[in-house]
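Novice: Fold the following.
(2 chains)
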Amino acid sequence: MALVGRSVPRADGPAKVSGTAHYVDDLTRPGVLLGATLRSPVARGRLRGIRRDPAFDWAGVTVVTAEDVPVNVVALIEEDQPVLAADEIRHAYEPLALVAAEDPVRLAGALRALTPEIEPLPPVLTVADALARKAQIHGSDNIFATYRISKGDAARAIARSPVRLNGTYRTPHQEQLYIEPQGMLAFWDACGAHLQGSLQCPFYVQKGVKRTFSLDDAHVDVTQAVTGGGFGGKEEYPTLLALHALLLAKKSGQPVKMIYDRQEDIEATTKRHPCEVTIESGCDREGNLSAVSINVLMDGGAYVTLTPVVLSRGALHAAGAYRWDHVAIEAVAVATNTPPNGAFRGFGAPQTIWAIERHMDRIARELSLDPLLLREKNLLRVGDTTPTGQLLKESVGIQRCVEEAKKASGWDTKRATLGRAAPVRPVAAMQRQTAPGGSASRKARGIGASVFLHGAGFTGSGERKLKGRVAIDMFRAPSEKKPRFRIRTASTDIGQGTETVFLQIAADVLRVPMDRVEFATPSTAVVPDSGPTVASRTVMIVGSIVESAARELFARIEYERQKRGGSFDDAALRLLADQDPVVSEKTYEPPAELAWDDATYRGDAYPVFAWGCDIAEVEVDLDTFETAVLGFWAAHDVGKAIHPLMCKGQIEGGTLQAIGWALNERLVVKDGKILNARMSTYIVPTSLDAPRFTTILVEDPYSKGPGGGAKGIGELPMDGGAPAIAAAIEHATGIIRDDLPLLPEDLFAARQTGT
Amino acid sequence: MKITFVLNGRSRTIDAPPLARLLDVLRGTLGLTGTKEGCGEGECGSCTVLLDGVPVNACLVAAGQCDGRTVLTVEGLENKDGLSDLQDAFVTEGGAQCGICTPGFLMAARALLAGNPQPGEGEIREGIAGNVCRCTGYQRIVESIRHAGKERASREPG
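Specialist: Numbering: from 1, shown residues only, chains lettered A, B, ... in the order given. Coordinates of the predicted model:
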């Protein structure tokens, strides 16, 4: 029986439930020192020196400053970020120096005994100040990147439209808040640099280490430890942490472990980019969309990190899941003196999809149309083209997603009976205390929806340039009579289930039970570079390389069997007698027909899109303005669910992150510093905040997806939750919010100002 | 200070400062790294262990408080046949994704099921409300615990 499509027990499950899975903080080495970071207390300034308290006993303490860094750049897209600040400080918490000591008490003492001498400079803290060039902090204009996408003549078409509407929509920072803080264990030996850590992309870290220490591939080994969540937060940042740990290890001559505590992790690591989107649209009175003009403005923080790519993905998703004949999108990201923003699940798309979905609700409001009917009228279909001119050839399952979500949620009835259609319901005294003033508290219910898409895999020619590689080994284990197989990729399992899904795909092709296939721990010394674990690409792109490597291996064994007889195992063992292991290595072959032009931003932005419709039902307390999510229906077109249970787990987990962004999470930033960098003050949803999810897997297969048509869905569920919640709150209360978050104080303020 | 307590069914005596965090004693002195630290301030629940059967955050418990008492950690959940029903349910029902919060959830669930072998969904959500998971959206964790309760009921009628 095929493994693909079945929810087999996850391969890494037993270790994780028995406490034997080793995360980075569970690892140690003889003589290991602990490392820590001295950080800037100011948002901008010049570092004049670092004073060491002569009264402190520095014996056995290692201190590293910028002078100790061989090549003081973090090699990402650009090389604007130093490993340690040498002169200009560009954001609060920027690393200035490193210390290592043998125990936490000595380490904390040493850190206190270092005082940075800083000449403060006036910081640029807002996007408006950056654009106004209040100070020059990046290049000549403080702009990290600009993208333009154009189709038809949007300005002219909008001017001619009977219904023209505009709005501005804002989204704030969001912290990934993986439960395992970032950490790295580093040491040097005769072979070079070794790292084990909590990370998504071993080859990104290797690239950074090679650059800073001028080493080649063979002398840098980066190995993933079991990783306690990432959500993008462990995409680029671990490179910096790895460099820090290696610098301390090099200078001290001992292994060094650096584990951030929660406050340091929230303060220093990357966040979701705050974003402002302005939309002007034109349509007719029946709600047939014609043209849209969109301006996207993102706050990149102090260094480039991955901002251009985040901005690009945001722009490419800004027009939503709809047909527009005319589109003009301009997207700009600027530098500010705030901690650098970076990768976070969705990668720019949740920000722009928030905007277009709120704008769709604005159009529905203006035309007095059912918001889902308006969306259904305008959904992209096979044969339509996207804003970049990409012709959608297959696997556009959005219509079915909408139908399934509507049916399961009881949309039509609830839309007609809840919200302003229904009188506000006093809550029974048994359920709730009487509110101050003697009147019973009141609650209102409502239902709202969102429709969205997410491009799977790297944008444009990204996969073609990357040429991801995967290897599968066949080998004979001692005392075993049958061949075993090992999948080698750089794709990390950070909780999403990569290991299990790859085993399912390979075992099916090889026609062996899953327990005869292994998943090699991603380590740059052992695995080929299948690319980073990002961009919803692991199952769809790397999974398809796993599938093709397995097919090639199977064909070799089958050829041997046909030639010389016996069973599959006999043939495999004969091959192994000649050569052990037998290795099949494959490189990704992007579909030949995909065409993309980076210069004009025209063509096939993604090989395929995944699609979703979310429906939220909420109850808002009209006295406290607390929102309870009573039900949540998510119908997502995943192409093919390789492992339905884990696929639903991705959708539910991603959706709750989106609900948290809407209802619970607020990062308070003042003077470039984060005021609530703790789990007691930055609130993420608990089991009592989370709704019961009804998750519907729609399967409209992608012809080139593995396992019979799988598409990437890691990020899709982050896109729809927030706008669905906002729409439900609007339905319940009449409060229209164009900005996130939607905490009680935000709804209260909106009610007071009458918006 | 000499501290004696029953850890995962075995009596142990350690020498530790009485105000040392139980979490550090478990992970450091005793080498039981299954209990995880996510926040160090009692918010995330990743370091949940059972102290005399009651879930506590090991980051907020002083080692001295454990003298003469019973501590159960994730390493003590397996029975003679291997994984317990509860652990097994987290593997088969999708209760563990990245797994860093899982030991804490298992301990909270163990305490819940000990007092209420077949909890309803609301009771389960209440029982794990002190534990934060950022991966699952909680639904598969709720299902895992419900499943474990059912398994137990089907094997031990009445």
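Novice: C-alpha only now, for contacts and for neighbours.
Specialist: Noted.
Novice: and residue A:691, which of the three is it?
Specialist: Of the three states, residue A:691 takes coil under DSSP: H, G, I helix; E, B strand; the rest coil.
Novice: Can you tell me the element the residue in the stretch 301-450 of chain A that chain B sits nearest to falls in?
Specialist: Per CA to the nearest CA, residue A:345 is where the stretch 301-450 of chain A lies closest to chain B, at 11.7 Å. Residue A:345 belongs to no helix or strand when assigned by DSSP states H and E.
Novice: So for stretch A:88-95, mean pLDDT?
Specialist: Taken as a whole, stretch A:88-95 has a mean pLDDT of 98.
Novice: Ok, stretch A:714-729 next?
Specialist: pLDDT averaged over stretch A:714-729 gives 98.
Novice: Close to chain B: what parts of the stretch 601-750 of chain A are there?
Specialist: Counting by CA under 8 Å from any CA of the partner chain, the residues of the stretch 601-750 of chain A close to chain B are A:645-646, A:649-650, A:652-657, A:678-680, A:684-688, A:690, A:692-693.
Novice: Buried ones only from these, please, as a ChimeraX command.
Specialist: This is how ChimeraX selects the buried members of these, with burial counted by 16 or more other CA atoms under 10 Å in any protein chain shown:
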select /A:645,646,649,650,652,653,654,655,656,657,678,679,684,685,686,687,688,690,692,693
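Novice: So which of the residues of the stretch 601-750 of chain A next to chain B sit within helices?
Specialist: Counting by DSSP state H, the part of these found in helices is A:645-646, A:649-650, A:652-657.
Novice: Okay, strands next: where are they in chain B?
Specialist: B:2-7, B:10-15, B:48-51, B:54-57, B:70-72 (DSSP state E).
Novice: Of those, which stretch is the most buried?
Specialist: strand B:48-51 (a mean of 26; mean count of other CA atoms under 10 Å in any protein chain shown).
Novice: Sheet-wise, list the partners of that one with their directions.
Specialist: Pairing partners of strand B:48-51, with direction, according to DSSP bridges: strand B:54-57 (antiparallel), strand B:70-72 (antiparallel).
Novice: To residue B:131, which of those lies closest?
Specialist: strand B:54-57 (9.7 Å; CA to CA).
Novice: and the strands of chain B as TSV, adding mean pLDDT?
Specialist: Output for the strands of chain B, formatted as TSV (pLDDT from 0 to 100):
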stretch	mean pLDDT
strand B:2-7	98
strand B:10-15	97
strand B:48-51	98
strand B:54-57	98
strand B:70-72	98
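Novice: Looking at those, which is nearest to residue A:587?
Specialist: That would be strand B:48-51 among the strands of chain B, by CA to CA, at 44.8 Å.
Novice: Check the offset of that closest one from the chain's centre.
Specialist: Centroid separation for strand B:48-51 versus its chain: 6 Å, with CA atoms, centre = their mean, to the nearest Å.
Novice: First residue to last residue on stretch A:516-530, what's the distance there?
Specialist: 22 Å (CA to CA, to the nearest Å).
Novice: Going by neighbour count, list what's buried in that stretch.
Specialist: A:517-524, A:527-530.
Novice: now stretch A:705-722
Specialist: Applying 16+ other CA under 10 Å to stretch A:705-722 flags A:705-722 as buried.
Novice: And for stretch B:117-128?
Specialist: For stretch B:117-128, the neighbour count (16+ other CA under 10 Å) marks B:117-119, B:124-125, B:127-128 as buried.
Novice: what about stretch B:53-70, how long is it end to end?
Specialist: The first-to-last residue distance of stretch B:53-70 comes to 8 Å (CA to CA).
Novice: quick one: contacts of it?
Specialist: Residues from elsewhere that reach stretch B:53-70 (CA atoms under 8 Å, 6 or more residues apart in numbering or on different chains): B:1, B:3-9, B:16-25, B:37, B:40-42, B:45-52, B:71-72, B:107-108, B:111.
Novice: same check, this time on stretch A:451-460
Specialist: With CA under 8 Å, 6+ apart as the criterion, stretch A:451-460 contacts A:313, A:317, A:320-321, A:349, A:353, A:357, A:375, A:402, A:463, A:535-538, A:540-541, A:595-598, A:603-614, A:711-713, A:715-716, A:719-720.
Novice: that older thread, in a markdown table: the strands of chain B, plus distance to residue A:502.
Specialist: Shown next, in a markdown table, are the strands of chain B (distance: least, CA to CA, whole Å):
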| stretch | distance to residue A:502 |
| --- | --- |
| strand B:2-7 | 38 |
| strand B:10-15 | 40 |
| strand B:48-51 | 32 |
| strand B:54-57 | 36 |
| strand B:70-72 | 35 |
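Novice: any idea how far residue A:390 is from the one residue in the stretch 551-700 of chain A that gets nearest to chain B?
Specialist: Among the residues of the stretch 551-700 of chain A, residue A:653 lies closest to chain B, at 4.0 Å counting by CA to the nearest CA. For residue A:653, the distance to residue A:390 equals 30 Å [CA to CA].
Novice: Ok, residue A:153 next?
Specialist: 17 Å.
Novice: okay, those two: which has more neighbours?
Specialist: Taking residue A:153 and residue A:390 together and counting by other CA atoms under 10 Å in any protein chain shown, residue A:390 has the greater number of neighbours (20 against 15).
Novice: can you pull the contacts of the residue of chain B found nearest chain A?
Specialist: Ranked by CA to the nearest CA, the top residue of chain B for proximity to chain A is residue B:98, at 3.4 Å. Residues near residue B:98 by CA under 8 Å, 6+ apart: A:227-229, A:493-496, B:135.
Novice: ditto for residue A:267
Specialist: Here residue A:267 is in contact with A:93, A:339, A:673-674, A:677 (CA under 8 Å, 6+ apart).
Novice: now for chain B, which residue lies nearest the mean position of the chain?
Specialist: Against the mean C-alpha coordinate of chain B, by CA atoms, centre = their mean, the closest residue is residue B:107 at 1.9 Å.
Novice: correct me, but that residue touches residue B:50?
Specialist: Yes. Residue B:107 is within contact range of residue B:50, at 6.6 Å (criterion: CA atoms under 8 Å).
Novice: Now do the shared contacts for these two.
Specialist: residue B:73.
Novice: okay, now the domains of the chain?
Specialist: Chain wasn't specified; assuming chain A. Taking automatic domain parsing as the reference, chain A has its domains at A:24-121+A:179-229+A:234-268, A:127-175+A:271-352, A:461-587.
Novice: Wait, chain B was what I had in mind.
Specialist: B:2-73, B:85-155.
Novice: closest one to residue A:423 among the domains of chain A?
Specialist: Once the domains of chain A are compared by CA to CA, domain A:127-175+A:271-352 is nearest, at 28.9 Å.
Novice: hmm, back to that, inside helices: which ones of the contacts of stretch A:451-460?
Specialist: Secondary structure defined by DSSP H assigns A:313, A:349, A:353, A:357, A:375, A:402, A:463, A:716, A:719-720 of the contacts of stretch A:451-460 to helices.
Novice: Save the residues you listed as JSON lines, and put in distance to residue A:454 too.
Specialist: JSON lines is the format used below for those (distance: CA to CA, whole Å):
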{"residue": "A:313", "distance to residue A:454": "9"}
{"residue": "A:349", "distance to residue A:454": "8"}
{"residue": "A:353", "distance to residue A:454": "10"}
{"residue": "A:357", "distance to residue A:454": "14"}
{"residue": "A:375", "distance to residue A:454": "17"}
{"residue": "A:402", "distance to residue A:454": "16"}
{"residue": "A:463", "distance to residue A:454": "16"}
{"residue": "A:716", "distance to residue A:454": "5"}
{"residue": "A:719", "distance to residue A:454": "8"}
{"residue": "A:720", "distance to residue A:454": "10"}
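Novice: Check the secondary structure at whichever residue of the stretch 401-550 of chain A sits closest to chain B for me.
Specialist: Of all residues in the stretch 401-550 of chain A, the one sitting closest to chain B is residue A:495 (3.4 Å; CA to the nearest CA). With three-state DSSP as the basis, residue A:495 sits in coil.
Novice: Could you find the closest non-adjacent residue to it?
Specialist: Nearest residue to residue A:495 in three dimensions, chain neighbours excluded: residue B:98, at 3.4 Å (CA to CA, 6 or more residues apart in numbering or on different chains).
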